[in-house]
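Asker: Quick one, structure for this:
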Amino acid sequence: VSADAWWVHPTADGGLYAIDRNGAVVTHDSRGEIIGVAVTGAHEANAAALDPTGRWLAIAGIERGEVYVLDTVTGESTLVPGRLGIASVMGFNADGSMLGMAMSDGAVVVYDVEARSVPVEVWNGTGASDSEPGWYDEETRSLWLSSSGSLLRISLDPVSWVETACAVVGRGFTQDEWDRFVPGDEPVRSVCT
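Answerer: Residues are numbered from 1 along each chain as shown. Predicted coordinates:
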């Protein structure tokens, strides 16, 4: 690995991603040979996470407080939209379609990697520090991230979201709630049993 590596992360096949201070990602194979270079905007990387399929590498930078997702197959780098701040802990779901991030201010956000939509805040905490990467639990369809001095289980199962919302509200959704919280143009209907 070159001497200017700022952050490193293992590849899915036994190699290593070395991320330099300016956001360049140098991919090494299992013998240490350089097999690729990609450029992101993640200056001074402070966190990285590789999805379980090995396709997506998320890199958070301190300097600008931005997160980039690198497609390890094509080398294309995408800036996660919105003003996020510094991501301290990141983790993917099983197929790499969702990225969870615990921000240094304690907020936990979930980003749809394929849709490239603005991340949704799912927890508003009091602060997060760098720690182990988040991980996905297939049995509960949940992403585990640390934030606010706690280990949080963030469900990525839409059915459980509806069940939780119904338990909290204790009734069906109003038209305004439906418009704000249910994606798409489907008309309001009773989802609470």
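
Asker: Stretch 95-113: end-to-end distance?
Answerer: This stretch, stretch 95-113, spans 10 Å end to end (C-alpha to C-alpha, to the nearest Å).

Asker: Can you give me the buried ones in that stretch?
Answerer: By neighbour count on 16 or more other C-beta atoms under 10 Å, the buried set for stretch 95-113 is 96-111, 113. Any C-beta I mention is one placed from the backbone N, CA and C, and that applies to glycine too.

Asker: again with stretch 170-181
Answerer: Within stretch 170-181, the residues that count as buried by 16+ other C-beta under 10 Å are residue 173.

Asker: quick check: mean pLDDT across that stretch?
Answerer: For stretch 170-181, the mean pLDDT works out to 75.

Asker: same thing with stretch 103-120?
Answerer: pLDDT averaged over stretch 103-120 gives 88.

Asker: To what extent is residue 90 buried, counted in neighbours?
Answerer: Residue 90: 24 surrounding residues under other C-beta atoms under 10 Å.

Asker: wait, residue 53
Answerer: Residue 53: 13 neighbours (other C-beta under 10 Å).

Asker: wait, doesn't it sit right on residue 97?
Answerer: No: the criterion here is C-beta atoms under 8 Å, and residue 53 misses it with residue 97 at 9.5 Å.

Asker: Mutual contacts of those two, please.
Answerer: Residues touching both residue 53 and residue 97 (C-beta atoms under 8 Å, 6 or more residues apart in numbering): none.

Asker: in a strand, that's where residue 90 is, yeah?
Answerer: Yes: assessed by DSSP: H, G, I helix; E, B strand; the rest coil, residue 90 belongs to a strand.

Asker: For it, name its beta-bridge partners.
Answerer: residue 101 (DSSP bridges).

Asker: And it, what's its pLDDT?
Answerer: 90.

Asker: just checking, it touches residue 135?
Answerer: No: look at residue 90 against residue 135 with C-beta under 8 Å: they stay out of range, at 10.6 Å.

Asker: shared neighbours, the two?
Answerer: Counting by C-beta under 8 Å, 6+ apart, nothing touches both residue 90 and residue 135.

Asker: helix or strand right after the helix or strand of the chain with the lowest mean pLDDT?
Answerer: Ranked by mean pLDDT, DSSP states H and E, the helix or strand of the chain with the weakest confidence is helix 158-169, at a mean of 71. Elements were assigned by DSSP states H and E; along the chain past helix 158-169, the next helix or strand is helix 175-181.

Asker: For residue 78, see how far away the closest residue to residue 61 other than its chain neighbours is.
Answerer: Leaving aside its sequence neighbours, residue 61 sits nearest to residue 42 (C-beta to C-beta, 6 or more residues apart in numbering; 3.7 Å). Distance of residue 42 to residue 78, computed by C-beta to C-beta, to the nearest Å: 11 Å.
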